[in-house]
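# Okay, here's the prediction I keep looking at, along with the sequence it came from:
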Amino acid sequence: MASSPSKKVLVPIADGTEPMEAVITIDVLRRSGADVTVASAASDLRVDACWGIKLVADSLISDCKGSSFDLIALPGGMPGSASLRDCEVLEEMVRKQSESGGINAAICAAPAVALGSWGLLKGLKATCYPAFMDKLPADVTKVESRVQVDGKVVTSRGAGTAIEFSLALIEMLYGKEKSEEVAGPMVTRPHHGEDYTMMELNPVEWKYDHDTPQVLVPIANGSEEMEAVMIIDILRRAKANVVVASVEDGLEIVASRKVKIVADKLLDEAVKLQYDLIVLPGGLPGAPAFTNSAKLVDLLKKQAESNKPYGAICASPALVLEPHGLLKGKKATAYPAMCSKLSDKSESENRVVVDGNLITSRGPGTSMEFALAIVEKFFGREKALDLARSLVFV
């Protein structure tokens, strides 16, 4: 079958953009083969997204003015949505997109704050973040769908619906078959909106010494950006102190789907601190970069020896923890194609596995459950469920 021509997509970002929504949209659409341009509505390519996550755009929105796109997808977040609304070049592009019959999409606060205020939802069914529903204009039919498609406009509710939103956009661009082809390898949830669960064996209490857990999230060139960003974002929402450390020579890494993320510090500096949890995102070649980092492996071994929590998702349980003896006597899971590398595969079909002080998970589509399970272990299930509800995940 001949491959479909690449569709052109614009994802604008601004200071205060919700990073999960932006990164999930970019990553998932790039998996479909779409040519995605990440454009900054700020004066600089680097954007300070919500939750202290720093992203670097491919270009400025002003540089995209003359280009045409099959889809323009606006992430939410505040004040990011307001910054997108106030960007005149973007407004002009989105209006032209609407007039020419292209697809416009927005998630979270952006349907109300941007598309609604520009008058581009008039007479349409639309949804948005629950707290912004009353900000949708009166001429919009408000619906509480997780994703709403009306003609050439797609709207969605929040970070917890971002994967569904992105897959709906692939279906609009390429058809249902392509959407399903992308969804499968991501290990997406079989039933969206339901409670999350984890398989827990040998339960122990996860303790922390300070006011809040100190968490290390290493990143490398080729780390899976959805996994990294969901872990960082959700743990910071729970008020954990998360240090994002680059194992590369510089702070900026280029993730597996070419999203550029800026770490807080280099691993050399980060290893001087003590952590209540070290958690590894997956991705290739990110996971091999972790396994080749003697300093990171040494830190992980010390963490395990002192019975402190550590975890990994996707390729990292199989490519980092297993070869360094960090799964010995433990039940774990990993990315489906990597599970053959686990010495004990008995619990590997579970989406999230907690065995004492170890937590592992399967892939991008299980990342939110993985991060929420960490929140549950540190702060209790009620806090995790409150967070899941605020994300519109459950």
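Perfect, thanks for sending it.
# tell me the strands in the stretch 51-200 of the chain, going along the chain?
Secondary structure of the stretch 51-200 of the chain (DSSP state E, counting those that start in this stretch): strands located at 54-56, 59-60, 71-74, 103-107, 125-126, 141-142, 147-150, 153-156, 199-201.
# Dump those strands to TSV, plus mean pLDDT and mean neighbour count.
For the C-beta atoms, the positions are set from N, CA and C on the backbone; glycine is no exception. Formatted as TSV, the entries for the strands of the stretch 51-200 of the chain read as follows, by pLDDT from 0 to 100; neighbours: other CB atoms under 10 Å:
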stretch	mean pLDDT	mean neighbour count
strand 54-56	98	19
strand 59-60	98	16
strand 71-74	98	26
strand 103-107	98	28
strand 125-126	98	22
strand 141-142	98	15
strand 147-150	98	20
strand 153-156	98	28
strand 199-201	98	15
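# nearest to residue 268, of the ones you listed?
Taking CB to CB, strand 54-56 is the member of those nearest to residue 268, at 19.0 Å.
# Show me what the closest one is packed against.
Judged by 3 or more CB pairs under 8 Å, 6 or more residues apart in numbering; DSSP states H and E, strand 54-56 is in contact with helix 19-31, strand 46-48, strand 260-262.
# quick one: which helix or strand includes the residue nearest to the spatial centre of the chain?
Relative to the mean C-alpha position of the chain, the nearest C-alpha, by CA atoms, centre = their mean, is the one of residue 226, at 3.4 Å. When secondary structure is defined by DSSP states H and E, residue 226 falls within helix 225-237.
# now the angle from the helix or strand that that helix is followed by to helix 225-237?
Proceeding N to C from helix 225-237, the next assigned helix or strand is strand 241-246, under DSSP H and E. Computed by axes from the mean of the first three to the mean of the last three CA atoms, to 10 degrees, the angle separating strand 241-246 from helix 225-237 equals 150 degrees.
# partners of strand 241-246, with directions?
For strand 241-246, sheet partners with direction are given as strand 214-219 (parallel), strand 265-266 (parallel), following DSSP bridges.
# tell me the most buried of these?
Among the strands paired with strand 241-246, strand 214-219 has the highest mean neighbour count (mean count of other CB atoms under 10 Å), at a mean of 26.
# how far does that strand sit from the chain's center?
With CA atoms, centre = their mean, to the nearest Å as the basis, strand 214-219 stands 16 Å off its chain's centre.
# List the contacts of that strand.
Around strand 214-219, the neighbours that count as contacts under CB atoms under 8 Å, 6 or more residues apart in numbering are 208, 228, 231-232, 235, 240-247, 253, 255, 261, 263, 267, 270, 273-281, 286, 290, 293, 296, 299.
# Return the members of those residues classed as buried.
208, 228, 231-232, 235, 240-247, 253, 255, 261, 263, 267, 270, 275-281, 286, 290, 293, 296, 299 (16 or more other CB atoms under 10 Å).
# pLDDT weak spots in the chain?
By pLDDT under 70, the low-scoring segments of the chain are 1-4.
# how's it carved up into domains?
As recorded under automatic domain parsing, the domains making up the chain are 8-185, 199-390.
# quick one on the thing from earlier: tell me how far the nearest residue to the residue nearest to the centre of the chain once chain neighbours are set aside lies from residue 393.
Nearest-residue entry for residue 226: residue 364, 4.3 Å, with adjacent residues in sequence omitted and distances by CB to CB, 6 or more residues apart in numbering. Using CB to CB, to the nearest Å, one obtains 14 Å as the distance from residue 364 to residue 393.
# how close does residue 239 sit to residue 197?
In this view, residue 239 and residue 197 are 24 Å apart by CB to CB.
# out of those two, which sits in the busier spot?
residue 239 (14 against 11; other CB atoms under 10 Å).
# can you tell me which residues contact that one?
When contacts are taken as CB under 8 Å, 6+ apart, residue 239 is in contact with residue 212.
# what about it, distance to residue 301?
28 Å.
# repeat for residue 242
The separation that residue 242 has from residue 301, given CB to CB, amounts to 21 Å.
# How about residue 280?
If you go by CB to CB, the gap between residue 280 and residue 301 works out to 13 Å.
# ok, now residue 143?
Computed with CB to CB, the distance linking residue 143 and residue 301 is 51 Å.
# where along the stretch 151-300 of the chain do the helices fall?
Listed in chain order, the helices found in the stretch 151-300 of the chain under DSSP state H, counting those that start in this stretch are 162-174, 176-183, 225-237, 267-270, 286-291, 294-305.
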